[in-house]
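starting from these lines, generate the structure:
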Amino acid sequence: MVPMRSTIRQLDVVQNPLRAARGDKPYLVCVQHHALDHLNTRVMVPLVTSRLVSEASRLQPAIKFEEATLYFDPTEILTVPIRLMKSPIASLAAERDRIVAALDLVFTGV
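The predicted structure is shown next:
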């Protein structure tokens, strides 16, 4: 993995700041475009455990992360204040096409 910067940008992964949710949603992925980096919040999508999905699909693609298989779940999209998040720990830029396809399905049905 590449060392990360402190600014949270599109496709960066952070630990879920909501401790009560970390068991099944340990990480969040920023899906907000960098043109909106001036905002004090980020639009985030959780990486969830298999307990929350029936199987990998275009809507919830499987992502290998830290030796585990987690699922990008855009049906659980949320906005999080930057002040609650720690620095990014990874980037899912290599998964961009699958992430965009899942978001397209949520927002456009395509």
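
counting neighbours, what do you get for the spatially closest residue to residue 24 that is not a sequence neighbour?
Distances taken as Cβ to Cβ, 6 or more residues apart in numbering put residue 49 closest to residue 24, at 4.9 Å, once the chain neighbours are dropped. Yep, even glycine has a C-beta here, placed from its N, CA and C like the rest. Other residues lying near residue 49 total 15 when counted by other Cβ atoms under 10 Å.

residue 37 now?
Neighbours of residue 37 using other Cβ under 10 Å come to 14.

just the pLDDT for it.
Note for residue 37: predicted pLDDT of 90.

separation between it and residue 93?
Distance, residue 37 to residue 93, by Cβ to Cβ, to the nearest Å: 16 Å.

the residue most central in space within the chain: which element?
Centre of the chain computed as the mean C-alpha position; nearest residue by Cα atoms, centre = their mean is residue 29, 1.9 Å away. Element membership of residue 29, judged by DSSP states H and E, is strand 27-30.

right, I'll leave it there.
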